[in-house]
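# Everything below, folded, please.
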Amino acid sequence: ALLTAYVDQGDGEKALQLYLQMGAEGVEMFGELTLVLALQACILLAGEGGGLLNISYIVGQALHADVCKHGLTTSVLISTSLLTMYAKCGDIVELEHFFSGMSYCNVASWNAMLSAYIEKGDEWKALQLFVQMQEQSVKPNRRTYVLALQACVKLAEKEKSLHTEGRSMCLPILEIGQALHLDLEKNQFASDAFVGSTLLTMYGKCGALTEAENVFASISECSTIVWTAMLSVYIEEGQGYKVLQLFEKMQREHIEPDHVALLCILKACGTVQASKEGRIIHEMVVKRGYEKDSNIGNTVVDMYARCGSLDEACKSFHELQTRNIVSYGAMIAGYAQFGHGFLALDLYDHMQLNDMEPNKAIFVSIVKACGVAKTILEGMLVHGQIIDSSFETDVLIGSALIDMYSRCGSHEEACKVLYDLPNRDVISWSAVISGYAQDGQGFSALGLFARMQKEGIKPDNISILSALKCCANVGAIVEGRLIHKELIRNGAVNDLII
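Predicted structure coming up:
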């Protein structure tokens, strides 16, 4: 009973100590339930990582040897616990060897394998196993479908990280997810809250927002988990206003947001610059004691900074129990965005004094701050740090450097950065063209505008406006007419800005 209590409380260390003590005192240790509990204690310890992972693995292997010695490998409960233990300890080779030797595998055994592959980052293998289990006439349960959907979620995340530009629908993964959705409806699992929340998360990760909304609407009893999943989908798709609308609906239906939901709502407030709503959510965070959570604390700072409420952002920043790279990044970005370049530079120096290395996002912000403050010396020093950090070929950082040098009147340096970029996009070109135009160097701007088009880059509104202004300033009527004709051909002449 005491062993069961320790495991139920999640105290794997005490559970294992008790198990070993039982052996030392000559207590029977090889009953099915006792071995299962001992293995679950190993699983709990493995989940804590560090040195405890090695201890749990060594004890787990010893338990496996005892299981074989006493002829208990036919016990499905014990076998499934062994599978989970090897999975948690990260020994996929032993896991696969043991699984292939099992005389009988129930759905829990297959689920343990699926979970192991997902945890190890081999989602395609998990999906193959999902198909294989059905070929062997093992019927999936709710947990199986959730795991298969989680594999799709992870694959979609990997796909997005490889294709950061554009909003890919992750079509092959989406098709697998849709097939799983059909199976869920056939088995009447789709309306289950836990299954449904994972399903709509999958659609969200694949960029299929309408399908995610349809799943949300179809769930009969939406728990906080389901509402939070939908909020997360909206925030990931950049739908800040929809997050706030859904939050209003939650309040009308008396659904209490958890800390994850509040995190999403704070992010939305920052995205759409809804400072009034952001303050209300901040008050809720404080009342519930969530402000000590570093993620929420950083998001509060970021929300105020994005809204331009820099005094409140600064106050929240200094109230953080621990300030990390995310905290500094939010404040630096806020200062740079709202024209306080020197304050951003001061904070950047303070961050480095605290032994924090700038990441890509901070480099973009601090370069922008140098441009705002028109401090080319500091800008060049930061540029050196960027080169030392091997970020000089990043398009976002490159565009920020071009803008900074252009603002400081150093157009040759801006061009050098542009030509050193392996992938020059319209934002990079527009920054240089705009810089020349603003500095009254119309012919240089028009030359770059022509070169950009020769490289197959379609002009955006910023570069077109800059080119047209240059045509007017230098009297380039022929070039102006050519741009005008192109605008008519593309139907862009009706754009009010142009």
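# okay, now the residue nearest to residue 205 when sequence neighbours are not counted: neighbour count?
Nearest non-adjacent residue to residue 205, counting by Cβ to Cβ, 6 or more residues apart in numbering: residue 156, 3.7 Å away. All C-beta atoms are positioned from the backbone trio N, CA, C, and that covers glycine. For residue 156, the count of nearby residues is 26 (other Cβ atoms under 10 Å).
# And the one helix or strand residue 284 maps to, what's buried?
If you go by DSSP states H and E, residue 284 is part of helix 275-287. Using 16 or more other Cβ atoms under 10 Å as the test for burial, helix 275-287 gives 275, 277, 278, 279, 281, 282, 285.
# Stretch 302-314 too?
So, applying 16+ other Cβ under 10 Å, buried residues of stretch 302-314: 302, 303, 304, 305, 306, 307, 309, 310, 312, 313, 314.
# Tell me the spacing between residue 157 and residue 395.
21 Å (Cβ to Cβ, to the nearest Å).
# So, low pLDDT: which residues of the protein?
50-53, 161-171, 489-498 (pLDDT under 70).
# which other residues reach the longest helix anywhere in it?
For the chain, the helix with the greatest residue count under DSSP state H is helix 142-162. Helix 142-162 is contacted from outside by 107, 110-111, 114-115, 117-118, 121, 123-124, 126-127, 130, 133, 140, 168, 170, 173-174, 176-177, 180, 183-184, 187, 189, 192, 194-195, 198-199, 201-202, 205-206, using Cβ atoms under 8 Å, 6 or more residues apart in numbering.
# Buried by neighbour count, from these: which ones?
By 16+ other Cβ under 10 Å, those give 110-111, 114-115, 117-118, 123, 126-127, 130, 133, 140, 168, 170, 173-174, 176-177, 180, 184, 189, 192, 194-195, 198-199, 201-202, 205-206 as buried.
# Just the ones of these in helices?
110-111, 114-115, 117-118, 123, 126-127, 130, 133, 173-174, 176-177, 180, 184, 194-195, 198-199, 201-202, 205.
# with the buried residues of helix 275-287 in mind, which one is nearest to residue 71?
The nearest member of the buried residues of helix 275-287 to residue 71, counting by Cβ to Cβ, is residue 285 at 56.3 Å.
# ok, the closest one - contacts?
262, 266, 291, 296, 300.
# phi, psi of the second one?
I take that to be residue 266. Backbone torsions for residue 266, taken as degrees, to the nearest 10, come to phi -60, psi -40.
# circling back to that earlier point, could I get the buried residues of helix 275-287 as JSON lines with distance to residue 149?
Listed next are the buried residues of helix 275-287 as JSON lines, based on distance: Cβ to Cβ, whole Å:
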{"residue": "275", "distance to residue 149": "37"}
{"residue": "277", "distance to residue 149": "32"}
{"residue": "278", "distance to residue 149": "33"}
{"residue": "279", "distance to residue 149": "37"}
{"residue": "281", "distance to residue 149": "30"}
{"residue": "282", "distance to residue 149": "34"}
{"residue": "285", "distance to residue 149": "30"}
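# Specify which member of those residues is nearest to residue 464.
Checking the buried residues of helix 275-287 against residue 464 with Cβ to Cβ, the nearest one is residue 275 at 33.6 Å.
# what's the spacing between the closest one and residue 254?
Residue 275 is 26 Å from residue 254, by Cβ to Cβ.
# And for residue 104?
48 Å.
# now swap in residue 219 and tell me
17 Å.
# who's more crowded, these two?
residue 219 (21 against 6).
# Could I get the contacting residues of the closest residue to residue 195 other than its chain neighbours?
Once flanking residues are discounted, residue 195 sits nearest to residue 189: 5.0 Å by Cβ to Cβ, 6+ apart. Residue 189 is in contact with 142, 145, 195, counting by Cβ under 8 Å, 6+ apart.
# Go ahead and confirm the last one touches residue 184.
Yes - with contacts defined as Cβ atoms under 8 Å, residue 195 counts as touching residue 184 at a distance of 6.3 Å.
# Could you find the closest non-adjacent residue to residue 330?
Nearest non-adjacent residue to residue 330 (Cβ to Cβ, 6+ apart): residue 302, at 3.9 Å.
# give the contact list for that neighbour.
Taking Cβ under 8 Å, 6+ apart as the test, what residue 302 contacts is 266, 267, 270, 313, 326, 330, 333, 334.
# okay, now the third one: neighbour count?
Read that as residue 270. When neighbours are defined as other Cβ under 10 Å, residue 270 has 23 of them.
# Against residue 231, how distant is it?
14 Å.
# what's the following helix or strand after the helix or strand where residue 383 lies?
Per DSSP H and E, residue 383 falls inside helix 376-388. The helix or strand immediately downstream of helix 376-388 is helix 395-407, counting by DSSP H and E.
# who are the neighbours in contact with residue 322?
residue 294.
# try it again with 10 Å
Taking Cβ atoms under 10 Å, 6 or more residues apart in numbering as the contact definition, residue 322 lies against 292, 294, 297, 298.
# is it true that residue 348 touches residue 332?
Yes - here residue 348 reaches residue 332: they are 5.9 Å apart, a contact under Cβ atoms under 10 Å.
# what distance separates the start and the end of stretch 313-331?
The first residue of stretch 313-331 is 7 Å away from its last residue (Cα to Cα, to the nearest Å).
# which stretches of the protein form strands?
With strands called from DSSP state E, the chain shows none.
# Quick check, residue 238 in contact with residue 270.
No - counting by Cβ under 10 Å, residue 238 sits too far from residue 270 to count as a contact (11.8 Å).
# circling back to that earlier point, got any residues that touch both of residue 195 and residue 184?
By Cβ under 10 Å, 6+ apart, the residues touching both residue 195 and residue 184 are 142, 145, 146, 149, 215.
# just the buried members of these?
Here, 16+ other Cβ under 10 Å leaves 145, 146, 149, 215 buried among these.
# ok, of those, which one's closest to residue 48?
Nearest member of those to residue 48, counting by Cβ to Cβ, is residue 146, at 23.7 Å.
# I'd like to know how far that closest one sits from residue 140.
Relative to residue 140, and taking Cβ to Cβ, residue 146 is found at 10 Å.
# Between those two, which contacts overlap?
With Cβ under 10 Å, 6+ apart, residue 146 and residue 140 have common neighbours 111, 114, 180, 184, 189.
# Alpha carbons of stretch 133-149, in CSV - could you do that?
This file holds the C-alpha atoms of stretch 133-149, laid out as CSV (Å, rounded to 0.1, in the frame of the first residue of the first chain):
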residue,chain,number,x,y,z
MET,A,133,-1.0,-2.2,-35.4
GLN,A,134,-4.3,-2.1,-37.4
GLU,A,135,-2.9,-4.5,-39.9
GLN,A,136,-2.4,-6.8,-37.0
SER,A,137,-6.0,-6.4,-36.0
VAL,A,138,-5.3,-4.2,-32.9
LYS,A,139,-8.0,-1.6,-32.6
PRO,A,140,-6.7,1.9,-31.6
ASN,A,141,-8.2,3.6,-28.6
ARG,A,142,-8.5,7.3,-27.8
ARG,A,143,-5.0,7.4,-26.5
THR,A,144,-3.7,5.9,-29.8
TYR,A,145,-5.4,8.5,-31.9
VAL,A,146,-4.1,11.3,-29.7
LEU,A,147,-0.6,10.0,-30.1
ALA,A,148,-1.0,9.7,-33.9
LEU,A,149,-2.3,13.3,-34.0
